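Student: The sequence isn't on hand, but the structure is:
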């Protein structure tokens with residue numbers, strides 16, 4: 001049977017979809033483009049914003065229109081958040097447990113033709129193990145090491161749909177990464193819902209698993225998908241300082257640079273703590289790229305607060321900002337607060353994106369006329385494209401095999417690319 005898979009949202013979803021793909025292939029299902037006529041459509045959903053919800057519903061409904069007789073499977077966060085009001089187009093609904101059982105559920109449905117719903121009010125403490133050995137159409141591989149979050153930031157629905165923090169066992173992580181490296185993946189991205197909180201449930205820690213991963217033979221780069229500022233303790237920072245295998249890039253969400261708003265968001269730090277920690281990081285890695293997430297228009301943010309925040313963000317000098325207009329999520333604390341009009345959120349988001357581009361160009365200019373090493377990822381129109389350790393996007397006027405490393409001198413900027421010359 002022909003299966004199309006569509007993935008929305010985060011790197012954890014990307015990893016889980018890759019696992020689903022491999023599981024289906026092992027069981028003789030044929031994977032093809034989601035937009036083609038398929039017998040089965042699988043949508044790995046997201047509910048982090050209203051936009052994600054809207055897109056999820058549209059994709060599910062379009063799949064049904066494409067083939068009225070297809071089996072429609074929806075999995076993940078949107079399903080978990082909307083368990084009381086599932087779309088009628090869905091034949092199999094799976095929340096954030098039992099994704100690993102998808103083949104059994106498909107075969108059960110094909111035999112009985114009864115709708116299947118696998119949703120739970122509570123998550124147990126078991127990490128649902130998934131293990132992949134290849135990552136199709138990519139030169140770096142993601143490895144999910146953790147699931148769940150218990151921070152309960154006031155704006156965020158994710159703790160309600162992903163459950164408690166759960167960690168993959170250390171030996172399984174090491175075996176999985178070793179297998180991926182043996183398959184030719186020399187850059188591994190460690191990902192989770194709350195990655196830096198790894199190990200809290202299994203008498204381990206993020207620093208402990210990092211120390212073991214570093215020793216894997218043949219691994220060239222370790223990238224951390226995202227980590228909270230409070231989890232960059234001395235143990236983790238010393239590993240970053242002493243081991244160049246950990247890339248020269250950290251994505252550290254700040255969400256707001258206003259102490260007033262940070263408190264309303266129920267974040268676990270204030271601006272002063274965040275800035276001091278960034279200074280500490282830069283003292284051990286001078287040219288490190290630090291990117292971040294910022295929510296614009298959270299309740300409590302006014303014009304004065306926003307303009308003060310712009311100055312703080314400029315002072316921190318992030319190398320890129322991922323900007324998210326605040327999106328009210330039902331059953332969160334922020335939803336009970338006085339909301340900011342959408343037009344103000346949109347205007348402030350545009351302003352912040354302009355600042356992000358300026359900061360990004362400032363960072364890119366630091367590396368002009370310097371030699372960097374690039375992992376080649378794609379080839380197109382006689383150009384090669386890839387990323388450096390510090391996540392600069394590089395464009396090279398020469399065809400170089402994907403998956404290989406090459407050294408280039410950065411000679412120009414064609415935003416969003418740095419031009420590399422061999």
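Tutor: Yep, it's here. Remember, predicted model here, so these are calculated numbers, not experimental data. Residues are numbered from 1 along each chain as shown.
Student: For burial, what's the neighbour tally of residue 321?
Tutor: Look at residue 321: counted by other CB atoms under 10 Å, it has 20 neighbours. Every residue, glycine included, has its C-beta placed from N, CA and C.
Student: sorry, that was for residue 355
Tutor: Around residue 355 there are 16 other residues, counting by other CB under 10 Å.
Student: what helix or strand does it sit in?
Tutor: Remark: residue 355 resides in helix 342-365, with elements defined by DSSP states H and E.
Student: Tell me which residues are up against that helix.
Tutor: Residues outside helix 342-365 that contact it (CB atoms under 8 Å, 6 or more residues apart in numbering) are 289, 294, 296-297, 306, 310, 313-314, 317-321, 323-326, 392, 413, 415-416, 418.
Student: hmm, 7 Å instead?
Tutor: For helix 342-365, the external contacting residues (CB atoms under 7 Å, 6 or more residues apart in numbering) are 289, 294, 296-297, 306, 310, 313-314, 317-321, 323, 325-326, 392, 413, 415, 418.
Student: Same question for stretch 11-31.
Tutor: 1-3, 5, 7, 42, 44, 46, 76, 99, 102-103, 130, 132, 135-136, 142, 144, 189, 191-193, 225.
Student: and with 6 Å instead?
Tutor: By CB atoms under 6 Å, 6 or more residues apart in numbering, the residues outside stretch 11-31 that reach it are 1-3, 5, 7, 44, 99, 102-103, 130, 132, 135, 142, 144, 191, 193, 225.
Student: can you check stretch 318-325 too?
Tutor: With contacts defined as CB under 6 Å, 6+ apart, stretch 318-325 is touched by 289-297, 345, 349, 352-353, 356, 359-360, 363.
Student: Would you list the buried entries among those residues?
Tutor: Buried members of the contacts of stretch 318-325, scored by 16 or more other CB atoms under 10 Å, are 289-292, 294-297, 345, 349, 352, 356, 359-360, 363.
Student: Of those, just say which sits nearest to residue 161.
Tutor: Using CB to CB, the shortest approach to residue 161 within the buried ones among the contacts of stretch 318-325 belongs to residue 295, at 18.2 Å.
Student: Tell me the helix or strand right after the helix or strand where that closest one lies.
Tutor: Using DSSP H and E, residue 295 falls within strand 289-296. Counting by DSSP H and E, the next helix or strand C-terminal to strand 289-296 is helix 303-316.
Student: Flag every buried residue along that next one.
Tutor: For helix 303-316, burial by neighbour count (16+ other CB under 10 Å) applies to 305-306, 308-309, 312-313, 316.
Student: hmm, back to that, among the buried ones among the contacts of stretch 318-325, which pair sits farthest apart?
Tutor: The span of the buried ones among the contacts of stretch 318-325, defined through CB to CB, is set by 289 and 345 at 27.2 Å.
Student: sorry, back to before: among the contacts of stretch 11-31, which lie within helices?
Tutor: 102-103 (DSSP state H).
Student: Which among the contacts of stretch 11-31 count as buried?
Tutor: Buried subset of those (neighbour count, 16+ other CB under 10 Å): 2-3, 5, 7, 44, 99, 102, 130, 132, 135, 142, 144, 191, 193, 225.
Student: Of those, which belong to strands?
Tutor: Among the buried ones among the contacts of stretch 11-31, the ones falling in strands (DSSP state E) are 2-3, 5, 7, 44, 142, 144, 191.
Student: For these, give me TSV that also has distance to residue 236 and pLDDT.
Tutor: TSV is the format used below for these (distance: CB to CB, whole Å; pLDDT from 0 to 100):
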residue	distance to residue 236	pLDDT
2	45	98
3	40	98
5	34	98
7	29	98
44	30	98
142	20	97
144	19	98
191	16	98
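Student: could you dump those residues to a markdown table with distance to residue 371?
Tutor: Formatted as a markdown table, these follow (distance: CB to CB, whole Å):
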| residue | distance to residue 371 |
| --- | --- |
| 2 | 47 |
| 3 | 45 |
| 5 | 40 |
| 7 | 36 |
| 44 | 40 |
| 142 | 28 |
| 144 | 34 |
| 191 | 30 |
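Student: so the helix holding residue 355 versus strand 289-296, what angle?
Tutor: In terms of direction (axes from the mean of the first three to the mean of the last three CA atoms, to 10 degrees), helix 342-365 departs from strand 289-296 by 170 degrees.
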